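Q: here is a sequence with its predicted model. Questions after.
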Amino acid sequence: MNQYAAIRSSSETAPIADFRSDTVTRPSADMRQAMAEAEVGDDVYGDDPTVRALEEKAADLLGKPAGMFVASGTQSNLAALLAHCGRGEEYIGGVGYHIAKYEAGGAAVLGGISPRHLTPQANGALNPDDVRDAINPDDSHFAISRLVCMENTFNGQVVDQAQIEEVATIAHDHELSVHLDGARLMNAVVASNRSAAELVEHMDTVSLCLSKGLGAPVGSVLCGPTDFIIRAKRARKMLGGGLRQSGVLAACGLYALENNVRRLADDHARAKQLAERLSQLDGVEIDLASVETNMIWLKIPAERTVPLSAHMRELGLVVSEPSGRDRVMRLVCHLDIDDSHVDSVANAFADWLASS
Ligand SMILES: *Cc1c(COP(=O)(O)O)cnc(C)c1O
């Protein structure tokens with residue numbers, strides 16, 4: 001089933017629980033109320049007080065001088081790459097990182113920026129020696145190394161902080177900048193019990209998604225030094241992302257940062273509980289230690305993966321198709337998943353695997 005077929009069929013039966021991603025959450029009544037009441041102005045003129053409040057709040061949270069509200073995490077990462085790198089310059093990232101795999105190659109297409117993707121460790125960290133080797137010497141054969149990008153959380157795992165810091169130090173020693181794709185940084189914050197500012201202290205710039213586990217319908221904030229944010233605003237404009245009365249949208253992000261961070265612990269607890277229940281079923285393979293935040297990766301026997309998602313949908317449960325050569329399935333807990341949904345999906349897996 002392709003993604004468009006999935007969209008069509010989802011309107012046929014109203015699902016009771018959707019485990020595909022934490023992007024599927026819908027704004028709550030209180031969040032919608034905050035949107036309705038938002039004070040707004042023309043943000044391209046810098047006149048929107050709600051956008052400014054969100055940008056300040058995010059920058060403070062991350063311990064950075066300035067922030068910029070953008071429509072999406074993809075736009076945030078691309079504006080960051082365009083602000084850090086020029087044509088013929090290179091960024092170093094990781095195979096499987098969002099920036100490498102899921103952003104339509106935007107940095108190369110729109111920025112003439114050369115990607116260099118290293119294979120990260122299973123926990124998502126770049127290997128410090130690989131990064132050191134990948135930084136090009138000043139030689140006309142090579143693209144100019146300009147930036148290292150990391151991602152935290154990676155596949156739902158909290159990336160080892162010492163490794164992040166070691167890579168950042170290597171980058172800075174070679175006069176490269178460091179960008180963190182922190183789409184789900186707040187999950188790492190809650191899981192590690194450390195502050196966001198502490199986790200990103202060694203990052204020059206950070207992108208934070210408001211529309212994943214935090215539950216806003218749209219939006220990300222890119223944070224970093226003031227001169228960087230000025231360049232990123234030009235990039236955002238070029239990308240068609242200069243928005244006008246965007247305080248209506250920033251209001252949900254503000255609401256999310258004020259109300260939906262601590263509760264991520266509930267998603268993490270449910271993911272762990274679900275993973276433990278599934279791991280007890282015959283035929284299910286899960287690395288329980290990798291379930292550190294809200295995501296579960298599991299394998300079931302290949303012949304049992306079809307037509308699993310169609311069967312689940314009949315029960316009102318939406319799950320992703322297994323993907324890749326390994327046929328791995330991802331389940332994600334979020335704001336709209338409660339204990340009864342966890343129960344239902346665990347029971348559905350148990351019945352499905354027992355009924356061969
Ligand atoms: C979702 C995600 C993004 C992109 O966010 P969108 O708002 O969907 O464009 C970037 N990085 C990571 C790690 C993500 O999970």
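A: Looks like it arrived, so ask away.

Q: what does the protein put close to the ligand?
A: Taking Cβ under 6 Å from any ligand atom as the criterion, the chain approaches the ligand at residues 72-74, 77, 98, 151, 181, 183-184, 209, 211-212, 220. To be clear about C-beta, it is placed using only N, CA and C from the backbone, and glycine gets the same treatment.

Q: so which of the residues you listed sit within helices?
A: Of those, the ones assigned to helices by DSSP state H are Gly73, Thr74, Asn77, His98.

Q: quick check on the residues you listed: which are buried?
A: Buried members of those, counted by 16 or more other Cβ atoms under 10 Å: Gly73, Thr74, Asn77, His98.

Q: the ones in helices among the residues of the chain next to the ligand into TSV, with extra columns for pLDDT?
A: Putting those into TSV (pLDDT from 0 to 100) gives the following:
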residue	pLDDT
Gly73	98
Thr74	98
Asn77	98
His98	97
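
Q: let me know the closest of those residues to the ligand.
A: Gly73 (2.3 Å; Cβ to the nearest ligand atom).

Q: the closest one reaches His98, doesn't it?
A: Yes: counting by Cβ atoms under 8 Å, Gly73 touches His98, with 7.3 Å between them.

Q: residue ranges with poor pLDDT in the stretch 201-350 of the chain?
A: Along the stretch 201-350 of the chain, segments meeting pLDDT under 70 are nowhere present.

Q: helices along that one, start to end?
A: In order along the chain, the stretch 201-350 of the chain carries the following helices (DSSP state H, counting those that start in this stretch): 226-238, 247-259, 264-279, 308-314, 339-354.

Q: and of those, who's closest to Glu321?
A: helix 308-314 (5.4 Å; Cβ to Cβ).

Q: against which helices or strands is the closest one packed?
A: helix 339-354 (3 or more Cβ pairs under 8 Å, 6 or more residues apart in numbering; DSSP states H and E).

Q: how about the helix it packs on: buried residues?
A: Going by neighbour count (16+ other Cβ under 10 Å), the buried part of helix 339-354 is His341, Val342, Ser344, Val345, Ala346, Ala348, Phe349, Ala350, Trp352, Leu353.

Q: chain center to it: distance?
A: The chain centre lies 27 Å from the centre of helix 339-354; the measure is Cα atoms, centre = their mean, to the nearest Å.

Q: what's the angle between that helix and helix 264-279?
A: Helix 339-354 and helix 264-279 are oriented at 20 degrees to each other (axes from the mean of the first three to the mean of the last three Cα atoms, to 10 degrees).

Q: which elements pack onto helix 339-354?
A: strand 17-18, helix 264-279, helix 308-314, strand 317-318.

Q: let me see the domain layout of this protein.
A: Domain assignment for the chain by automatic domain parsing gives 17-26+263-355, 38-259.

Q: element containing Gly67?
A: strand 66-70 (DSSP states H and E).

Q: now that strand against helix 226-238, angle please.
A: Angle, strand 66-70 to helix 226-238, by the same axes, to 10 degrees: 10 degrees.

Q: just the C-alpha atoms of strand 66-70, please, in CSV.
A: Extracted C-alpha coordinates of strand 66-70, given in CSV (Å, rounded to 0.1, in the frame of the first residue of the first chain):
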residue,chain,number,x,y,z
ALA,A,66,17.9,33.5,19.1
GLY,A,67,15.2,31.4,17.5
MET,A,68,13.2,31.3,14.3
PHE,A,69,9.8,29.7,13.9
VAL,A,70,9.4,27.6,10.8
